[in-house]
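J.: this one's structure only:
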């Protein structure tokens, strides 16, 4: 298994441009998450999904959109990029269902985004 | 606001010593607790999970949970320079839909000196 993969690794955007951060997992995990990590600020949840076709907002969703058309893929869309979106973005997934009580999340390698 | 607090450090220990990392959380409904290790420029890596009060040991790592005090800690025995990293405490509140989300602390930077 490749685990959780993310592309691209690095990206520089100009203010107002848009882009999609890709995330995929090959572990058949139902749950997937997008976080951003700013220096010294910990991880903040942007959006999450509990299965294909179901997404919900996290703590900091403004300026982002997601979709989940398949179990494997969970892309994050940035519209009209702003300097405040300069950050490192991590995708994560976790197996199981609520009944399984398995809550460990596994992270992808991250995408480092700079908006100038 | 559900909060997870960690001392940002840096915590500096000599090689071979015990490193003790601490975390407190605000939500008494929290049921699941995790420690992640994050090397500089890398993604978080899960190293321990703990769900019940008491100690859980895995190799050189021991996680300790005290729900009454809302406190979780990570002990690293025989610390090695390769343990130098930021350690993130994460807490999941267990009730209904909120089971799906983790709240992370800001992390403690650990430096192990040879």
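T.: Here it is on my side, so go on. Note that the coordinates shown come from a computational prediction; the quantities given were computed from them, not determined experimentally.

J.: where does residue 16 land in three-state SS?
T.: Using chain A here. What DSSP: H, G, I helix; E, B strand; the rest coil gives for residue A:16 is coil.

J.: let me know the pLDDT of it.
T.: Looking at residue A:16, its pLDDT is 97.

J.: surely it and residue A:80 touch.
T.: Yes - counting by CB atoms under 8 Å, residue A:16 touches residue A:80, with 5.5 Å between them. All C-beta spots, glycine's among them, are computed from the backbone N, C-alpha and C.

J.: dump the residue contacts of the closest residue to residue A:109 other than its chain neighbours.
T.: With CB to CB, 6 or more residues apart in numbering or on different chains as the criterion, residue A:109 has its nearest non-adjacent residue at 5.3 Å, and that residue is residue B:43. Counting by CB atoms under 8 Å, 6 or more residues apart in numbering or on different chains, residue B:43 makes contact with A:90, A:107-110.

J.: show me which of the residues you listed is closest to residue A:62.
T.: Using CB to CB, residue A:90 is the member of these that sits closest to residue A:62, with 18.3 Å.

J.: next structured bit after the helix or strand encompassing the closest one?
T.: Counting by DSSP states H and E, the element that carries residue A:90 is strand A:87-94. Toward the C-terminal end, the helix or strand that comes next after strand A:87-94 (DSSP H and E) is strand A:106-107.

J.: look up which residues are beta-bridged to residue 45.
T.: By default, I'm working from chain A. residue A:35 (DSSP bridges).

J.: you looked at the wrong chain, it should be chain B
T.: Beta-bridge partners, per DSSP bridges, of residue B:45: residue B:37.

J.: please report how far the residue nearest the centre of chain A lies from residue B:91.
T.: Most central in chain A under CA atoms, centre = their mean is residue A:34, positioned 2.6 Å from the mean C-alpha point. In this view, residue A:34 and residue B:91 are 19 Å apart by CB to CB, to the nearest Å.

J.: next one: residue A:48
T.: 16 Å.

J.: since we're on residue A:33, how many residues are nearby?
T.: 24 (other CB atoms under 10 Å in any protein chain shown).

J.: circling back: partners of the strand holding residue A:90, with directions?
T.: According to DSSP bridges, strand A:87-94 forms sheet pairs with strand A:31-37 (antiparallel), strand A:106-107 (antiparallel), strand A:111-115 (antiparallel).

J.: buried ones in stretch A:64-82?
T.: Residues of stretch A:64-82 classed as buried by neighbour count (16 or more other CB atoms under 10 Å in any protein chain shown): A:64, A:66-68, A:71-72, A:74-76, A:78, A:81.
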